[in-house]
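# Please work out how this folds:
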Amino acid sequence: MICKLKGDYHSMKYYIENKNSTVSVNEEGIFIIQWKANERLEIDDFKTVVDIFAEWSQGEPWKVLHVFPKGASASGEARNYGATREKKTSAEAFVIENVIHRNLFRLYQRFRSKLYPIRAFSDLEDAKEWLLEVEIVQEEA
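Numbering: from 1, shown residues only. I've put the predicted structure just below:
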C-alpha cells in the first residue's frame, strides 16, 4: 500500500515497504530506495521500484538515492534492467558499502547513455548533501 500524506511532493511523505526494499521520498523531494541487506534482488524487485517512481513522480525529473547495504546482490537480469530502463531522473546517488557493488557502479557509470549526474558514496549524509546541491537536468526524450 502506498501512503501519501498532505502537501505537494516536496513536503509530502511517501513511504512503502516491499519484499526487498523500502521506498520513500524525503522532505527535500529525494526519492530514496533502501534495498534490504542479505537479499538477492531480481528484475521484479527493480520493476516494482520503477513503477512506484513513475506513479509518484508523475513524469517530473526527481533526484534518486539508492542505498545498497552489505549482503544485497542483484541478478544479472536485474542489473541490466536497472542500467537500461527508461527513467525521468535528474541525478542519482548510490550509497555503496562493498567493493563488488563499487566495481559494478563503475561499469554502470562508464557505459550508461544518460547525461544526468551520478555519483557513488560510502556515507548516506554525503550522498543526500550532494543531491541537494545538484541542479535538475531536463533530458530530451
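# In whichever helix in the chain runs longest, which residues are buried?
Counting by DSSP state H, the longest helix found in the chain is helix 43-57. Buried residues in helix 43-57, counting neighbours by 16 or more other CB atoms under 10 Å, are found at 43, 45, 46, 48, 49, 50, 52, 53, 56, 57. Where you see a C-beta, it was placed from the backbone N, CA and C, and this is true even at glycine.
# Confidence-wise, which helix or strand of this structure is lowest on average?
Ranked by mean pLDDT, DSSP states H and E, the weakest helix or strand in the chain is strand 3-5, scoring a mean of 39.
# Which is the succeeding secondary structure element to that strand?
strand 13-17 (DSSP states H and E).
# And the next helix or strand past that next one?
In N-to-C order, the element after strand 13-17 by DSSP H and E is strand 21-25.
# Can you give the strand pairings for the helix or strand following that following strand, parallel or anti for each?
Moving toward the C-terminus from strand 21-25, the next helix or strand (DSSP H and E) is strand 30-35. Using DSSP bridges, the strands paired with strand 30-35 in its sheet are strand 21-25 (antiparallel), strand 62-68 (parallel).
# which of those strands is buried the deepest?
strand 62-68 (a mean of 22; mean count of other CB atoms under 10 Å).
# Just give me how far it sits from the chain centre.
Offset of strand 62-68 from its chain centre (CA atoms, centre = their mean, to the nearest Å): 3 Å.
# Mind giving me the packing neighbours of the helix or strand that that strand is followed by?
Next helix or strand after strand 62-68 toward the C-terminus (DSSP H and E): strand 73-74. Judged by 3 or more CB pairs under 8 Å, 6 or more residues apart in numbering; DSSP states H and E, the packing partners of strand 73-74 are strand 40-41.
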